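**Q** Sequence and predicted structure, then a few things I'm wondering about:
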Amino acid sequence: MTVDKEKLLQFDADHIVHWVMPVGENAGHIFNDCKGVTLIDTDGNEYLDGSSQLVCVSLGYDYNDEIAAAAAEQLKKLPYMTTFWGLTSDTLINFTERLVKFMPDGLDHFCFTNGGSESTELSFQLARLYWKRKGSGSKYKIISLHNSYHGTSFGATSATGIFKGMFSSGYVPLVPGFIKAPSYYCYRCMLDREYPSCGIQCAAHLEKLIETEGSDTIAAFIAEPEHGTAGDIPPPPEYWPMVREICDKHDVLLIADEVMTGFGRTGMAFCVDHWDVKPDMIAMGKGICSSFIPFGGVALNEKVHEGLKGALIPGATYSGHPVAAAVANKVLEIYERDNIFQNVVNMGEYALKRLNEEFLELPFIGEINGLGLMIGIEIVEDKANKKGFDPALGKMNEIREKAFEKGLLIRVTDEGWAPSNRVSFGPPLTSNKEQIDEMLDILYSVLTSVLGAEINA
């Protein structure tokens, strides 16, 4: 380690608090460059981005110049414009016109935010405000799922069901009015059922919960169309159509948290498009701008928008920022122009085929599934009874660290804080076959080296 790097890392540890890292520490690496689907550190080491960092760098790193030019042009023209008091910018309007073309039919009204957590938080506020304005102020409860992740703000943390208290126990009490329903997760069903003979009881239980709590107290149900942070866990295909029907029956708003799944991650513009389901609200972030700049939003259907008409809604200083809108507009243009979502379909099918043919037969792989380039790989100690490795063994962190040493950035879940041990494979939507192969070759080598000896012992 050079003296300069050592000083920079020490300053970083002393002055910069990192998320999901003990305060006062860092990982010992400094990044300063990128290309294609590769990150480069200050020592010149290259790392294939097998997770799109936080499943957010959708376009990878080949479009930097084009998007930087869009941002620079806007900075020179109009660097900031508030959206308070009904003011706006032509850039925001132009972006919104393009955005409408990506949305499920009818979701064409928007509140803009600075990212995913703000988007989910705002969706809760809007749901409660909607019912209060309808004269149903008793409808304030928000139902979410046990394995869900919805962000870091107080409401979003209260809705989140994953982590087993790791990130919330220090902040209790959380926001009242949030309740949990069983998650979809066919491999490890919380209700001890088997798909498809189960009748999709995870969805049916939502209706029982609404009836038990009283539909006159439930404002909304929120879920990720595919669980992300829990390990890229897709639902059975019947799930979302069923919950849409249940919410309609009981007059409950349906919110899709598409912060991670939206904008092509699963091969469709939005994940709910796989089942032709139209929520009442969609929370957006990450892929809306490929994380080139903080940006997000909440899409509303006509019913919710009409119910909110005339209301005064507080916002954030940077909501609808023209530079963010210019960047997001260029990102959406690229998605469409370069047929990025079709690439996701093609590469997702290719990756899943390779994984099922080469990885699934390994004795420590329980299941492999996912939509598009949002694929989860279940790691087990015993394939017959689905028993996972004891979190105390640190196997999942070892997998992540070994992959990093070999030049691959991946995300993992661990039974210590998640429902199971899973590797999440979610490279940039621009990834080609050669890049997918290189990532999977490294991953195969890592899994067999870390877990093969354990199984064969």
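**A** That came in fine, so what should we check first? Numbers count the residues shown, from 1 in each chain.

**Q** part of a helix, is Val298?
**A** No - applying DSSP: H, G, I helix; E, B strand; the rest coil, one finds Val298 to be strand, outside a helix.

**Q** beta partners of it?
**A** Beta-bridge partners for Val298, by DSSP bridges, are Cys111, Ala283.

**Q** How about the residue nearest the centre of the chain, nearest residue that isn't a chain neighbour?
**A** Closest to where the C-alpha atoms of the chain average out (C-alpha atoms, centre = their mean) is Met260, at 2.4 Å. Closest residue in space to Met260, ignoring its immediate chain neighbours: Gly228 at 3.9 Å, by C-beta to C-beta, 6 or more residues apart in numbering. (Each C-beta comes from the backbone N, C-alpha and C, glycine too.)

**Q** how much space between the one you found and Asp192?
**A** 25 Å (C-beta to C-beta, to the nearest Å).

**Q** Same drill for those two, tell me which one is more crowded.
**A** Set Gly228 next to Asp192 and count neighbours by other C-beta atoms under 10 Å: Gly228 wins out with 27 against 8.

**Q** Might one say that that one is in contact with Gly262?
**A** No - using C-beta atoms under 8 Å, Gly228 is not in contact with Gly262, being 10.8 Å away.

**Q** Name the single longest helix found in this protein.
**A** Counting residues, the longest helix in the chain under DSSP state H turns out to be helix 433-456.

**Q** ok, for Ile233, nearest residue in space, not its chain neighbours?
**A** In space, and not counting its chain neighbours, Ile233 is closest to His227: 4.0 Å by C-beta to C-beta, 6+ apart.

**Q** ok, back up a step: how near is the residue nearest to Met260 to Glu97?
**A** Per C-beta to C-beta, Gly228 is found 29 Å from Glu97.

**Q** same deal with Ala325?
**A** Here Ala325 is placed at a distance of 11 Å from Glu97 (C-beta to C-beta).

**Q** With neighbour numbers in mind, choose between these two.
**A** Counting neighbours by other C-beta under 10 Å for Ala325 and for Glu97 shows that Ala325 has the greater number, 29 against 10.

**Q** Mind pulling the model confidence for the more buried one?
**A** Note on Ala325: pLDDT of 98.

**Q** before we move on, what about Phe163?
**A** On pLDDT, Phe163 comes in at 83.

**Q** repeat for Thr266
**A** For Thr266, the pLDDT comes out at 98.

**Q** a helix runs through it, doesn't it?
**A** No - read with three-state DSSP, Thr266 is coil and lies in no helix.

**Q** hey, where'd the helices end up in the chain?
**A** Secondary structure of the chain (DSSP H): helices at 3-15, 52-55, 64-77, 90-102, 116-133, 154-159, 201-213, 239-249, 302-308, 322-337, 340-354, 395-405, 433-456.

**Q** Can you say which of the ones you listed is nearest to Pro314?
**A** Evaluated over the helices of the chain, closeness to Pro314 peaks at helix 116-133, with 8.9 Å, by C-beta to C-beta.

**Q** So which bits of the closest one are buried?
**A** Neighbour-count burial for helix 116-133 flags 116-124, 126-132 (criterion: 16 or more other C-beta atoms under 10 Å).

**Q** quick one: that helix to strand 296-300, angle?
**A** Angle of helix 116-133 versus strand 296-300, following axes from the mean of the first three to the mean of the last three C-alpha atoms, to 10 degrees, is 30 degrees.

**Q** Give me the packing partners of helix 116-133, helices and strands only.
**A** The contact analysis (3 or more C-beta pairs under 8 Å, 6 or more residues apart in numbering; DSSP states H and E) places helix 116-133 against strand 109-113, helix 154-159, strand 218-223, strand 253-257, strand 281-284, strand 296-300, helix 302-308.

**Q** Please identify the most buried of these.
**A** Among the helices and strands packed on helix 116-133, ranked by average contacts under mean count of other C-beta atoms under 10 Å, first place goes to strand 281-284 (a mean of 30).

**Q** Quick one: mean pLDDT over that one.
**A** 98.

**Q** Repeat that for stretch 67-75.
**A** On average, the pLDDT along stretch 67-75 is 98.

**Q** What of stretch 189-203?
**A** The average pLDDT for stretch 189-203 rounds to 97.

**Q** How far off centre is it?
**A** 24 Å (C-alpha atoms, centre = their mean, to the nearest Å).

**Q** Just the terminal-to-terminal distance for that stretch.
**A** Terminal residues of stretch 189-203 lie 12 Å apart, using C-alpha to C-alpha, to the nearest Å.

**Q** Quickly list what Tyr47 is bridged to.
**A** Leu39.

**Q** And for it, the neighbour number?
**A** As a burial measure, Tyr47 scores 20 neighbours (other C-beta under 10 Å).

**Q** Is it correct that it is in contact with Leu409?
**A** Yes - the pair Tyr47 / Leu409 is scored as a contact, 5.1 Å apart, by C-beta under 8 Å.

**Q** Understood, closing this out.
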